[in-house]
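Chemist: coordinates only, sequence not included:
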């Protein structure tokens, strides 16, 4: 396999406190996303996933988040998560396209307001994803749901997994941060 199998109890795959099956919190996901997306290599991979492979960044980050905590999902659960996007995805894509089109025509203050509004749409989408996630069965002995999602998008999108996942060093850092 491509190194994307994660097992509870494996190095970097230990289930960490703070995320319990069926009890995911949108605020915790948002904080994880802000931190993880803030890494240049993750941001670049997310934009490639979105722009070149028509993937959903919020879904990819949610999958990275649960994987970081040692959880996975069955393929049918991933289908349910994708279905949860249906309410917001079209609106978010249309707004993102409009924002990008208007960028050269608006001032920086207006553009920042547009970005902030898009972030609110992202938060609403994450709420829908977390609600759907909490209705799924979480697994602890399964292949990476994030790697599976990347492979579903396209053969070349599978290469994005390495940049999108949380590395064991980051996991150790997040464990340390929880105790401070």
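Modeler: All right, it came through fine. Worth saying up front: this structure is predicted, and the values here are computed from it rather than measured.
Chemist: which element is the residue nearest in space to the middle of the chain on?
Modeler: When C-alpha atoms, centre = their mean is applied to the chain, the residue found nearest the centroid is residue 61 (1.0 Å). Taking DSSP states H and E as the criterion, residue 61 maps to helix 57-68.
Chemist: before we move on, what about residue 21?
Modeler: Using DSSP H and E, no helix or strand contains residue 21.
Chemist: surely it meets residue 138?
Modeler: Yes. Between residue 21 and residue 138 there is a contact under C-beta atoms under 8 Å: 3.8 Å. Backbone N, C-alpha and C define where each C-beta goes, glycine included.
Chemist: which one of the two has more residues nearby?
Modeler: residue 138 (22 against 16; other C-beta atoms under 10 Å).
Chemist: show the pLDDT at the more buried one.
Modeler: On pLDDT, residue 138 comes in at 95.
Chemist: is it in contact with residue 24, as I believe?
Modeler: No. Contact between residue 138 and residue 24 fails when scored by C-beta under 8 Å: they sit 9.0 Å apart.
Chemist: what about the helices in this protein?
Modeler: 26-37, 40-53, 57-68, 75-84, 89-102, 108-133, 145-153, 161-164, 168-179 (DSSP state H).
Chemist: and the residue of the chain positioned farthest from its centre, how far from residue 95?
Modeler: Within the chain, the residue lying farthest from the chain centre (C-alpha atoms, centre = their mean) is residue 105, at 31.0 Å. Distance check for residue 105 against residue 95: by C-beta to C-beta, to the nearest Å, it reads 16 Å.
Chemist: from residue 101, how far out is the closest residue in space to the residue nearest to the centre of the chain that isn't next to it in sequence?
Modeler: Using C-beta to C-beta, 6 or more residues apart in numbering and skipping the chain neighbours, the partner closest in space to residue 61 is residue 33 (4.8 Å). Using C-beta to C-beta, residue 33 is found at 25 Å from residue 101.
Chemist: now residue 73
Modeler: 36 Å.
Chemist: what do you get for residue 92?
Modeler: Relative to residue 101, and taking C-beta to C-beta, residue 92 is found at 15 Å.
Chemist: and the two? Which one has more around it.
Modeler: For residue 92 versus residue 101, neighbours defined as other C-beta under 10 Å are more numerous around residue 92 (18 against 9).
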